[in-house]
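# Any chance you can model this:
(one chain, ligands or ions: 1)
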Amino acid sequence: MIELKGVSKTYDNGTVALKDINLTIQKGEFVFIVGASGAGKSTFLKLIIREEVPNAGEITVNGFKLSSMKKKNVPYFRRTMGIVFQDFRLIPKMTVFDNVAFAMRVTGATTRQIRKRVPYVLSQVGLTDKAHCLPKELSGGEQQRVGLARALVNNPDLLVADEPTGNIDPQLSFEIIELLNEINRKGTTILMVTHERELANWFDRRTIEIRDGSIVSDSGRSVSNESQ
Ligand SMILES: Nc1ncnc2c1ncn2[C@@H]1O[C@H](COP(=O)(O)OP(=O)(O)OP(=O)(O)O)[C@@H](O)[C@H]1O
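I've put the predicted structure just below:
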């Protein structure tokens, strides 16, 4: 489902964010990406959703070869996945309900389908009471859960989440991961960045640690870059 071969990313200002990453993630896996601030975690996710392009190497996601993908095809590619952004990216003038409904509308869903599905997904993330609020009327954690609901509403094969528990208290973080676990059990592949290593340890899932732009361990096993 996701394959990276010899992937490196250096930003225009010369910052080396990722170095020679080699990795395969199979359909149905639940993978935590951990590492310190600035290690390269968000860059890794941005390459996978093709928000950034690598300077070297090849990335394949959901059967799409990203290096040869034309810009105009990027929105179609993105519809194969649900994305939770670190900075939420909600539409300020739309209510919670409409922010989530919008993600369904762009795929051609009918009003009837939207009226059925959106309340269900909002209840899954505990936001039933906030459906008619605007994003600015919500706390950071609530906005984050709207982002999660929007990412889940189309039942994606792959969910990519950058710190979906970053602004949420520990109890709710736990519940969010329980929810992701349930979604994963139904077959969705999940790739989640977190700086909370304890969460990853507690849920005992594949955990990839990035340090200074390199993968240093994969589920506790250290990875030597020379042997990759
Ligand atoms: N657009 C950019 N231009 C230049 N440098 C960048 C850009 N985005 C990130 N970087 C740099 O690349 C490195 C990796 O950043 P990245 O955001 O991937 O780290 P991270 O592990 O996600 O950190 P955090 O946990 O703080 O979000 C950092 O040194 C960062 O300053």
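
# tell me which helix or strand of the protein sits lowest on mean pLDDT?
strand 221-222 (a mean of 74; mean pLDDT, DSSP states H and E).

# tell me which strands and helices it is in contact with?
For strand 221-222, there is no helix or strand it packs on, judged by 3 or more C-beta pairs under 8 Å, 6 or more residues apart in numbering; DSSP states H and E. Backbone N, C-alpha and C define where each C-beta goes, glycine included.

# With Phe77 as the reference, measure out to Lys65.
Going from Lys65 to Phe77 by C-beta to C-beta, to the nearest Å gives 10 Å.

# for the longest helix seen in the chain, which positions count as buried?
In the chain, taking DSSP state H as the definition, the longest helix is helix 170-185. For helix 170-185, burial by neighbour count (16 or more other C-beta atoms under 10 Å) applies to Leu172, Ser173, Ile176, Ile177, Leu179, Leu180, Ile183, Asn184.

# Also stretch 92-110?
Buried residues in stretch 92-110 (16+ other C-beta under 10 Å): Thr95, Val96, Phe97, Asp98, Asn99, Val100, Ala101, Phe102, Ala103, Met104, Ala109.

# Can you flag which of those residues belong to strands?
Using DSSP state E, no member of the buried residues of stretch 92-110 falls in strands.

# Just send these back as a markdown table, with pLDDT and distance to the ligand too.
Supplementary listing: these in a markdown table, determined by pLDDT from 0 to 100; distance: C-beta to the nearest ligand atom, whole Å:
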| residue | pLDDT | distance to the ligand |
| --- | --- | --- |
| Thr95 | 98 | 29 |
| Val96 | 98 | 25 |
| Phe97 | 98 | 29 |
| Asp98 | 98 | 29 |
| Asn99 | 98 | 23 |
| Val100 | 98 | 25 |
| Ala101 | 98 | 29 |
| Phe102 | 96 | 26 |
| Ala103 | 95 | 24 |
| Met104 | 95 | 29 |
| Ala109 | 95 | 32 |
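
# all helices for this structure, in order.
41-48, 74-78, 96-105, 111-124, 140-152, 170-185, 197-203.

# so can I have CSV of the ones you listed showing distance to Lys27?
Shown next, in CSV, are those (distance: least, C-beta to C-beta, whole Å):
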stretch, distance to Lys27
helix 41-48, 14
helix 74-78, 16
helix 96-105, 22
helix 111-124, 22
helix 140-152, 17
helix 170-185, 11
helix 197-203, 19
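
# what about the ones you listed, which gets the closest to Phe32?
helix 197-203 (3.8 Å; C-beta to C-beta).

# same for that closest one, what does it pack against?
Partner elements for helix 197-203 (3+ C-beta pairs under 8 Å, 6+ apart): strand 30-34, helix 170-185, strand 206-211.

# In PDB, could you pull the C-alpha coordinates for the shortest one?
In this case it means strand 30-34. C-alpha atoms of strand 30-34 as PDB (Å, rounded to 0.1, in the frame of the first residue of the first chain):
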ATOM      1  CA  PHE A  30      -1.700   0.500  12.100                       C
ATOM      2  CA  VAL A  31       1.600   2.400  12.300                       C
ATOM      3  CA  PHE A  32       2.800   5.000  14.800                       C
ATOM      4  CA  ILE A  33       5.500   7.500  13.600                       C
ATOM      5  CA  VAL A  34       7.300   8.800  16.600                       C
END
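
# before we move on, the earlier item: on contacts alone, who are the packing partners of the longest helix of the chain?
strand 30-34, helix 140-152, strand 158-162, strand 189-193, helix 197-203.

# and which of the buried residues of stretch 92-110 is nearest to Met1?
Using C-beta to C-beta, the buried residues of stretch 92-110 come closest to Met1 at Ala103, 21.1 Å.

# quick one: contacts for the closest one?
Ala103 makes contacts with Arg150, Ala151, Val153, Asn154, as judged by C-beta atoms under 8 Å, 6 or more residues apart in numbering.

# Much appreciated, bye for now.
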